[in-house]
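Enquirer: After the sequence you'll find the predicted model.
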Amino acid sequence: MSYVQRLLRTDPLTTEKTADLDHYLPAIARDLDRVLGRRMLMAASTSFLGYGLQAWLLRDVVPGPILLAWVLTLAAIESLNGTMAWRLQRRTIRTPGLAPLKLAVRCNLLLLGSAWGTVLLLPHVAADPVTMLLHGMGLALAMVLGIYNLSTDRWSYAALSGGLVLPGVLGWLCLDSIPREIGVCGLTLFLLCQFYAATTGRLVRSILLSNRISKDVARQLADSNHRLEQLSHQLKLAASIDPLTACLNRRAMMRELEREAARVRRNATPFCVVFLDLDHFKAVNDQHGHAAGDAVLKVAAEVFKGQLRATDMAGRWGGEEFVLMLAATSLSAAVAKAEGIRVALADTPIPVEGGLLRITTSVGVAAFRPGQTLEALIAQADARLYDAKAAGRNCVRS
Ligand SMILES: Nc1nc2c(ncn2[C@@H]2O[C@H](COP(=O)(O)OP(=O)(O)OP(=O)(O)O)[C@@H](O)[C@H]2O)c(=O)[nH]1
């Protein structure tokens, strides 16, 4: 089990989710890499700020070249340590059992902390309360930020904070020049840092895990939302379409006619409705069977739709009766169109079991006049259809 796996499994937030852990682990490892990369930069910048502060504090005590060499040494250890820690953390996510490398990082941190803390023993620093205070604040800052920035391994903080505090505590025990308060402060700081380190690392991982889970949940929600929208669109479509002929059903057609009527009332472009009723359709059913009747209805719908423009609509009014809406069309143009449709259907042989059938249709056409109700328009077209039937069928009346 890898380092991160072990930490996550011991986390109260994740103990119940151990089964999902393997699924999330690669993504968390990637997130952690990103976070660590950012924190490396932050850690380095705060540490170098700390070295600058230390060099400034020591400017009157230590000769310039020695001070420069001191700061450069600290910077070198810091860089080496940071790089090692980063590589270690990247690898411990995937590979368990990197004890020697971990030990090297901890020793390095101990060295770094001790190098910092040794400054406390310098007579000038110890004697001057202001310098001491500034230095103490610098130490606290370095520890807290260091822990926050690279919060991954508790024993690394122990090494760093122990290294920082140890010289002060030793000095306090062995040298009279170190005030007692410094030792007490140092020990308190050490304990605080240990507590902080123990909680922060786990917190970071818990946050990464819950981030990852929330991202997944959000994505799943978006997906199901999308699927629901598609489903609702399909349902709406299914509720508007006649399943046999794929024309609009009566209710949807009424809706379209109402919309068109409203448009015409606004901008006065005429439109026409065409009612079509297949002739002697009952005989088709009776002689060739219901399936043949269905096939005839399908072919008739195809023929009607094939004659329309993109802005026109075709609906099945019920049984063997169809209605067409011809947008922006005058009565004379609609009659011509209806005639074309009638001929097209009459010329179309329809294959059914046992041979080819021919079917004709009677057609009634009416133009919508602004001020007229839709019901009146439909009644008018229906009346013209009745005229066509009465006139012997297979003809258009307007
Ligand atoms: N196969 C099939 N038949 C249907 C469907 N809907 C209605 N019908 C039949 O269509 C026939 C309509 O008959 P009628 O109203 O007498 O009309 P017609 O025989 O076409 O006579 P005219 O309209 O006067 O020429 C009835 O037998 C209905 O059962 C359908 O979806 N499929």
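Expert: It's in.
Enquirer: With adjacent residues omitted, what lies nearest to the residue of the stretch 151-300 of the chain found nearest the ligand?
Expert: Using Cβ to the nearest ligand atom, the closest approach of the stretch 151-300 of the chain to the ligand is made by G293 at 2.5 Å. C-beta: built from backbone N, CA, C; applies to glycine. Nearest non-adjacent residue to G293, counting by Cβ to Cβ, 6 or more residues apart in numbering: N285, 4.1 Å away.
Enquirer: Mind checking what secondary structure the one you found has?
Expert: Assigned by DSSP: H, G, I helix; E, B strand; the rest coil, the conformation of N285 is helix.
Enquirer: Please parse the protein into its domains.
Expert: For the chain, automatic domain parsing gives the domain ranges 3-221, 250-397.
Enquirer: Least confident of these, on average?
Expert: Lowest mean pLDDT of these: domain 3-221, a mean of 68.
Enquirer: residues in contact with the residue nearest to R393 when sequence neighbours are not counted?
Expert: For R393, ignoring the flanking residues on the chain, the nearest one in space by Cβ to Cβ, 6+ apart is D279 at 4.3 Å. Neighbour list for D279: I359, T360, T361, S362, K389, R393, N394 [criterion: Cβ atoms under 8 Å, 6 or more residues apart in numbering].
Enquirer: check those against the ligand, which are close?
Expert: With the criterion set as Cβ under 6 Å from any ligand atom, the members of those near the ligand are K389, R393.
Enquirer: Give me the subset of the contacts of D279 lying in helices.
Expert: Counting by DSSP state H, the contacts of D279 place K389 in helices.
Enquirer: JSON lines for the contacts of D279, including neighbour count?
Expert: Formatted as JSON lines, the contacts of D279 follow (neighbours: other Cβ atoms under 10 Å):
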{"residue": "I359", "neighbour count": "22"}
{"residue": "T360", "neighbour count": "15"}
{"residue": "T361", "neighbour count": "28"}
{"residue": "S362", "neighbour count": "25"}
{"residue": "K389", "neighbour count": "16"}
{"residue": "R393", "neighbour count": "15"}
{"residue": "N394", "neighbour count": "18"}
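Enquirer: and the contacts of D279, which of them are in strands?
Expert: Among those, the ones falling in strands (DSSP state E) are T361, S362.
Enquirer: Which of the contacts of D279 sits closest to K298?
Expert: Closest approach between the contacts of D279 and K298, by Cβ to Cβ: I359, at 11.6 Å.
Enquirer: Name all residues that make contact with that closest one.
Expert: Counting by Cβ under 8 Å, 6+ apart, I359 touches L278, D279, F281, V284, V296, A300, L345, A346, I350.
Enquirer: Flag every residue of this protein that's near the ligand.
Expert: 244, 277-282, 285, 290, 293-294, 297, 319-320, 389, 393.
Enquirer: Can you say which of the residues you listed are buried?
Expert: Neighbour-count burial (16 or more other Cβ atoms under 10 Å) is assigned, among those, to D277, L278, D279, F281, G293, L297, E320, K389.
Enquirer: For R393, see how far away the second one is.
Expert: Remark: distance between L278 and R393 (Cβ to Cβ, to the nearest Å) = 10 Å.
Enquirer: any common contacting residues for these two?
Expert: Common neighbours of L278 and R393, counting by Cβ under 8 Å, 6+ apart, are T360.
Enquirer: can you redo the contacts of I359 as JSON lines with distance to P63 and secondary structure?
Expert: Below are the contacts of I359 laid out as JSON lines (distance: Cβ to Cβ, whole Å; DSSP: H, G, I helix; E, B strand; the rest coil):
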{"residue": "L278", "distance to P63": "111", "secondary structure": "strand"}
{"residue": "D279", "distance to P63": "117", "secondary structure": "coil"}
{"residue": "F281", "distance to P63": "113", "secondary structure": "helix"}
{"residue": "V284", "distance to P63": "114", "secondary structure": "helix"}
{"residue": "V296", "distance to P63": "109", "secondary structure": "helix"}
{"residue": "A300", "distance to P63": "106", "secondary structure": "helix"}
{"residue": "L345", "distance to P63": "109", "secondary structure": "helix"}
{"residue": "A346", "distance to P63": "114", "secondary structure": "helix"}
{"residue": "I350", "distance to P63": "109", "secondary structure": "strand"}
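Enquirer: Just give me the closest of those residues to I66.
Expert: Taking Cβ to Cβ as the measure, A300 is the one of the contacts of I359 closest to I66, at 103.3 Å.
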